[in-house]
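**Q** next come a sequence and a model predicted from it.
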Amino acid sequence: MSELTEVLEELISFYFQLMGYFTLTRVVVPYGGSRMARRRARTLSDFDVIAYNRSNGEVIIAECKGWGSPESYLNFSTDKRLNKLKSIAEKIVNCWKNFVNSRFNKYGFGKDELKKVIIVIPGYISSTNKHTTISGVPVEIKPVHEVILDIIKIVKNDMYVRRRRYWNPALEMIRWIIRALNSGALREDELVTALRK
């Protein structure tokens, strides 16, 4: 597992926690089928993030991809990459069916609780390719920059209600940036310049 994947998993876990979900990371998934079929299929070994909404029993599985070099931001709208992402989504949906009936499901999840799969990618994708459905389960391909913008919006709305520090340094940094911008101590052009240098 790459460092980027680990960072993305933590980021996505915090993202869902901010929205009120209970999260589990790196949940072991049983392999299905024969040994030869497992080798050929290279089925998932874990779910990166399971987000569970206790109020409605909704489960969202997020798969985090750390492809590319630390400097690159890939285009995922190519046929080859889209097919790879769809294949990953199919494996997640199929593995969920095996998982809920296995000894690894220590949480009592049911087959019908899976309401969405999100694949987080380190790059951009056209809006026409962001959504699909696999075996009745909606799949969203979400670029990491959209996750970052969503987190900033959530923190901006939440920080005045919350009125205490965040448990994560990245979230706390966002809160301080927002406070500095709101007070005038930091200007947007300074922030953009610092990010572009």
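**A** It's in. Residues are numbered from 1 along each chain as shown.

**Q** where in the protein is pLDDT low?
**A** Along the chain, segments meeting pLDDT under 70 span 1-4, 31-44.

**Q** mind listing the helices for it?
**A** Secondary structure of the chain (DSSP state H): helices at 3-18, 35-41, 79-100, 144-162, 169-183, 188-196.

**Q** so which of those comes closest to Glu58?
**A** The closest approach between Glu58 and any of the helices of the chain, judged by Cβ to Cβ, belongs to helix 3-18 at 10.9 Å. Where C-beta positions appear, they are placed from N, C-alpha and C, glycine not excepted.

**Q** and that closest one, what does it pack against?
**A** With contacts defined as 3 or more Cβ pairs under 8 Å, 6 or more residues apart in numbering; DSSP states H and E, helix 3-18 has these neighbours: strand 22-28, strand 46-53, strand 58-64, strand 114-121, helix 144-162, helix 169-183.

**Q** that helix vs strand 114-121, what angle?
**A** For helix 3-18 and strand 114-121, the angle between their directions (axes from the mean of the first three to the mean of the last three Cα atoms, to 10 degrees) works out to 140 degrees.

**Q** kindly export helix 3-18 (C-alpha atoms) in CSV.
**A** As requested, C-alpha coordinates have been extracted for helix 3-18 and formatted as CSV (Å, rounded to 0.1, in the frame of the first residue of the first chain):
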residue,chain,number,x,y,z
GLU,A,3,1.7,6.3,1.5
LEU,A,4,-0.7,8.3,-0.7
THR,A,5,-3.3,5.5,-0.3
GLU,A,6,-2.9,5.6,3.5
VAL,A,7,-3.3,9.4,3.6
LEU,A,8,-6.4,9.2,1.3
GLU,A,9,-7.9,6.5,3.6
GLU,A,10,-7.5,8.7,6.6
LEU,A,11,-8.8,11.8,4.8
ILE,A,12,-11.9,9.9,3.6
SER,A,13,-12.5,8.5,7.1
PHE,A,14,-12.4,12.0,8.6
TYR,A,15,-14.6,13.2,5.7
PHE,A,16,-17.3,10.7,6.6
GLN,A,17,-16.9,11.3,10.4
LEU,A,18,-17.5,15.0,9.8
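
**Q** give the buried residues for that helix.
**A** When neighbours are counted by 16 or more other Cβ atoms under 10 Å, the buried residues of helix 3-18 are found to be Leu4, Thr5, Leu8, Glu9, Glu10, Leu11, Ile12, Ser13, Phe14, Tyr15, Phe16, Leu18.

**Q** thinking again about what came up before, okay if I get the helices of the chain as TSV plus distance to Val29?
**A** Compiled in TSV, the helices of the chain are given as follows (distance: least, Cβ to Cβ, whole Å):
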stretch	distance to Val29
helix 3-18	15
helix 35-41	12
helix 79-100	5
helix 144-162	23
helix 169-183	27
helix 188-196	37
